[in-house]
Structures are given as structure tokens and as C-alpha cells.
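Chemist: predicted structure and sequence below. I'll ask about it afterward.
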Amino acid sequence: MKDDSTRLKDKERRSRLSLFLTKSGSHESVAPDKKTSAAPSDISPETAMKWGESFEELLKYSDGVETFSRFLRTEFSEENMEFWLACEEYKSIDSETKLLSKAMSIYTVYIEAEAPKEVNIDYSTKTDIQRSISRPTKSCFEAAQSKVYGLMKKDCYPRFLSSDIYLRVTHRKAPGAAMFRRRSRSCVFNERGEPAAR
């Protein structure tokens, strides 16, 4: 039995997920150059800086997830985040009927060969899912979700931190200022954002 604080956290997580899922559309309906580098003006640089502390920290913020997804769209790999979010939502389903329906949906969209948003997972993980899909459990996508998570964290996230999309949100600098090292506190800049003379 879940205690009240765990139930509240689950509810907040589901709320964040549904908010993001409504905001994020299918990549098929988004032109690759459409809104890929615009930064929402309501995100404070201080908040965005927290996303740079760790990938886990970024995932706590719906704006962070949305901004990271926008970056993934520029790399044509937004299906990774969409799949991870779908798995998170899947794990929160309590109804067996809904579980089966959602499992089939995830499988046809992200897993099966030639799926519209097929994620890059190894053959044995894919085969395990194929075997369990007719009687899915809450953990049937766990291995695939973990692999996709690892790929985003090790491969995409470091590139995101040095991308124009992230730098604009944290510093509001033009792409030409992308050389600024976000984490360095010893780096001194003058008011115009240019390196100060030493």
C-alpha cells in the first residue's frame, strides 16, 4: 500500500507527464526547422542552470523535458524521450485492460520493426518484449527503457548542454557566444558578454 507522500509524488509525476505529452506533438507534424531554437521566455536562466547539474535533475522539470525534447528533434531522435515518457506513464497504470492496451500501443509505435518511431534497442531486448507483449507486465519495457535512458544520458545530454537551445535559455546569448563554458565560475565576462581582459 502506498503512503500519502508516495501517492502525491506519483500524482505530480503523472501531471508533469500529461502536461508534457499534450504539449509535445508527433514529430511527423513538426517541420525540422520549426521552433527548434526558440527558447520559452518564461523559463528563468536560474531554473535552466539546474538542468545542467544532472540528467536526473533535468527530468524533474516539465520545461526541462520539453526543451531537451526540442533539442532531440534537431537531431531527429525525439522518439527516445517520447518512448521514455510513454514507459513512465505505462508503469503508473493500474487497470489490467488499460495496461494491455498501452503496452500494444508502445509496441506498435516504438518497438516493432519499421515502427513509426522505432527506438534503437538491441535484438535480444526487442525479442524479450515480443515474447511478453501478449501478457504484458509493468516491467516488460524496463530493459528497453533503461537502454534508451542510458543513451540519452551519455550521448544526447552532454551535447544538449553545449547546444544553442540550452545556452539561449541559460544565458540568452546568441549562437556566436556558444563558446561560453556554462559550469566555469572562474571565467570572467564583461557586461557585453565578451571575455574580459586578464
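Modeler: All right, it came through fine.

Chemist: and Ser92, how far from Asn80?
Modeler: Ser92 is 20 Å from Asn80, where distance means CB to CB, to the nearest Å. (Each C-beta comes from the backbone N, C-alpha and C, glycine too.)

Chemist: of those two, give the one with the bigger neighbour count.
Modeler: Each of Ser92 and Asn80 has its neighbours counted (other CB atoms under 10 Å); Asn80 has more, 23 against 13.

Chemist: ok, the more buried one touching Gly150?
Modeler: No. Using CB atoms under 8 Å, Asn80 makes no contact with Gly150, being 10.4 Å away.

Chemist: can you give me the helices for this structure?
Modeler: 4-23, 45-51, 55-58, 62-74, 79-91, 96-106, 123-132, 142-151, 157-161, 164-171 (DSSP state H).

Chemist: who wins for proximity to Glu114 among the ones you listed?
Modeler: For these, proximity to Glu114 was assessed by CB to CB; helix 123-132 is nearest, at 12.3 Å.

Chemist: in the closest one, what counts as buried?
Modeler: Thr125, Lys126, Asp128, Ile129 (16 or more other CB atoms under 10 Å).

Chemist: and for Ser54, the neighbour number?
Modeler: Neighbours of Ser54 (other CB under 10 Å): 12.

Chemist: with Glu82 instead?
Modeler: A count of neighbours around Glu82, defined by other CB under 10 Å, yields 22.

Chemist: quick one, grab the pLDDT at it.
Modeler: For Glu82, the model assigns a pLDDT of 97.

Chemist: would you turn the helices of the chain into a markdown table with distance to Ala115?
Modeler: Shown next, in a markdown table, are the helices of the chain (distance: least, CB to CB, whole Å):
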| stretch | distance to Ala115 |
| --- | --- |
| helix 4-23 | 18 |
| helix 45-51 | 29 |
| helix 55-58 | 25 |
| helix 62-74 | 17 |
| helix 79-91 | 9 |
| helix 96-106 | 10 |
| helix 123-132 | 10 |
| helix 142-151 | 12 |
| helix 157-161 | 24 |
| helix 164-171 | 27 |
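
Chemist: closest to Glu112 out of those helices?
Modeler: Closest to Glu112 of the helices of the chain is helix 123-132 (CB to CB; 7.8 Å).

Chemist: run the angle between that closest one and helix 96-106 for me.
Modeler: Between the axes of helix 123-132 and helix 96-106, defined by axes from the mean of the first three to the mean of the last three CA atoms, to 10 degrees, the angle is 140 degrees.

Chemist: against which helices or strands is helix 123-132 packed?
Modeler: Contacts defined by 3 or more CB pairs under 8 Å, 6 or more residues apart in numbering; DSSP states H and E place helix 123-132 against helix 142-151.

Chemist: would you mark the buried spots in the helix it packs on?
Modeler: Residues of helix 142-151 classed as buried by neighbour count (16+ other CB under 10 Å): Ala143, Ala144, Gln145, Lys147, Val148, Tyr149, Leu151.

Chemist: tell me if I'm right that the fifth one and Glu78 touch.
Modeler: Put plainly, it is Val148. No. The pair Val148 / Glu78 is not scored as a contact, 11.8 Å apart, by CB under 8 Å.
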